[in-house]
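Asker: Build me a model from this:
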Amino acid sequence: MIEEQPVDIPCPICSRHGEVNMIAHISEIPYFGEHTQVTVMCHSCGWRQTDFIPAEGKKAGGWTLILENEEQLKSRIVRSSSCTVSILELDLQVNPGSSSTGYVSNVEGVLNRFTKIIDMVLGDLDDENSNEDMTRLKDMKYQIENVGKDDDVRLTLEFLDPHGHSMIIDQNATERDLTEAELESLPVGPDPAVFSKND
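Answerer: Residues are numbered from 1 along each chain as shown. This next block holds a predicted model:
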């Protein structure tokens, strides 16, 4: 059983002392190696931050997968809190923010996150918005939901991680180094909680 450990710092959101705890869990992720999942949470306000830290040092990198069939939707992914996720053909991008968390999922899970965002935007549109915006959003949603089913739909999923803690685990995924320009411009997400014996 994994036990919470109290952390003697104030919550970064609500500033309450004595409410922040940490859970660390070490596991083996196939094809990616040993990882430590660290979750820091506040029991007062509900804030939580999760990240994955590889046992071996990783270099900044990018992963790309061209989605052509339904089988690829099952491919595993590891997305750290420092990773920018994009669907290139649709010009959609999710950058890590101050409350970004890491997760392990599959390609379909990543695509579902994009679909939920599109649904939220569609729900916020009203009659004053142009039909063009509505049509474009519905087309994006169609492509995401039908990749691998409709032969005319091919999408490219891209992960860019300046810390190198993310990966697309598929035999057709390609890995590359990040360019200097990417390293300078990519957001890195939240500052990880760092604890010392003096804290």
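Asker: Report pLDDT for the residue most central in space within the chain.
Answerer: Centroid-nearest residue in the chain: Arg79, 4.3 Å away (criterion: Cα atoms, centre = their mean). pLDDT for Arg79: 90.
Asker: Ignoring the adjacent residues along the chain, who's closest to it?
Answerer: Ser166 (5.1 Å; Cβ to Cβ, 6 or more residues apart in numbering). All C-beta spots, glycine's among them, are computed from the backbone N, C-alpha and C.
Asker: partners of the lowest-mean-pLDDT helix or strand in the chain, with directions?
Answerer: Within the chain, no helix or strand scores below strand 48-54, which has a mean of 79 by mean pLDDT, DSSP states H and E. Using DSSP bridges, the strands paired with strand 48-54 are strand 33-42 (antiparallel).
Asker: just to revisit the earlier point, the residue nearest to Arg79: how many residues sit nearby?
Answerer: 26 (other Cβ atoms under 10 Å).
Asker: you'd agree it is up against Ser80?
Answerer: Yes: when contacts are counted by Cβ atoms under 8 Å, Ser166 is listed as touching Ser80 (4.9 Å).
Asker: on that earlier part again, would you mind pulling the contact partners of the least confident helix or strand of the chain?
Answerer: 32-42, 78, 80-81, 99, 101-104, 164-165, 190, 192-193 (Cβ atoms under 8 Å, 6 or more residues apart in numbering).
Asker: one more time with 7 Å, if that's ok
Answerer: For strand 48-54, the external contacting residues (Cβ atoms under 7 Å, 6 or more residues apart in numbering) are 33, 35-41, 78, 80-81, 99, 101-102, 165, 190, 192-193.
Asker: as a whole number, average confidence for stretch 18-29?
Answerer: Here stretch 18-29 scores 86 as its mean pLDDT.
Asker: what does that stretch contact?
Answerer: With Cβ under 7 Å, 6+ apart as the test, stretch 18-29 has contacts from 2, 4-7, 9, 11, 34-44, 78, 104.
Asker: Thanks a lot, catch you later.
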